[in-house]
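> the sequence isn't on hand, but the structure is:
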């Protein structure tokens, strides 16, 4: 499944929040899924800043394309809004990585393998 990671971004330590989201993404890949990490737009924002409303709308466009949402712990109005949007769209929402079913994606080791698959 394509799983959107909804979790705190600006509350607390931004870099730690990004790290937590990446760790969750790694666990989802290990379970056979393709995660989407909205937190990674932080680098884009550093290069070309946009108002917060742009990022909320941008992330919701990606959420629509995902099959499910993983809501990580922590207070976050943005993540709560993402969960609300996912539930309204009928998407499964998981609150614990252990509840995410095993997927069928086999992670590819090595960039060369990925490049070969794309060519």
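Sure thing, it's come through. The structure displayed is predicted, hence computed values, not measured ones. Numbering: from 1, shown residues only.
> which residues of the chain fall in helices?
In the chain, the helices defined using DSSP state H lie at 14-30, 41-47, 52-65, 77-88, 111-118.
> and those helices: which comes nearest residue 105?
Nearest to residue 105, of all the helices of the chain, is helix 14-30, at 7.6 Å by C-beta to C-beta. For every residue, glycine as well, the C-beta is placed using N, CA and C.
> list the buried ones in that closest one?
By neighbour count with 16 or more other C-beta atoms under 10 Å, helix 14-30 contains the buried residues 17, 18, 20, 21, 24, 25, 28.
> who touches the third one in this structure?
The reference is to residue 20. Residues counted as contacts of residue 20 (C-beta atoms under 8 Å, 6 or more residues apart in numbering) are 7, 8, 72.
> in a markdown table, list these along with distance to residue 88.
A markdown table is the format used below for those (distance: C-beta to C-beta, whole Å):
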| residue | distance to residue 88 |
| --- | --- |
| 7 | 19 |
| 8 | 21 |
| 72 | 20 |
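> for these, which one is nearest residue 32?
The shortest separation between residue 32 and any of the contacts of residue 20 is 19.0 Å, and it belongs to residue 72 (by C-beta to C-beta).
> what about the nearest residue to that closest one once chain neighbours are set aside, neighbour count?
Counting by C-beta to C-beta, 6 or more residues apart in numbering, the nearest residue to residue 72 once its immediate chain neighbours are dropped is residue 7, at 3.4 Å. The number of residues packed around residue 7, counting by other C-beta atoms under 10 Å, is 22.
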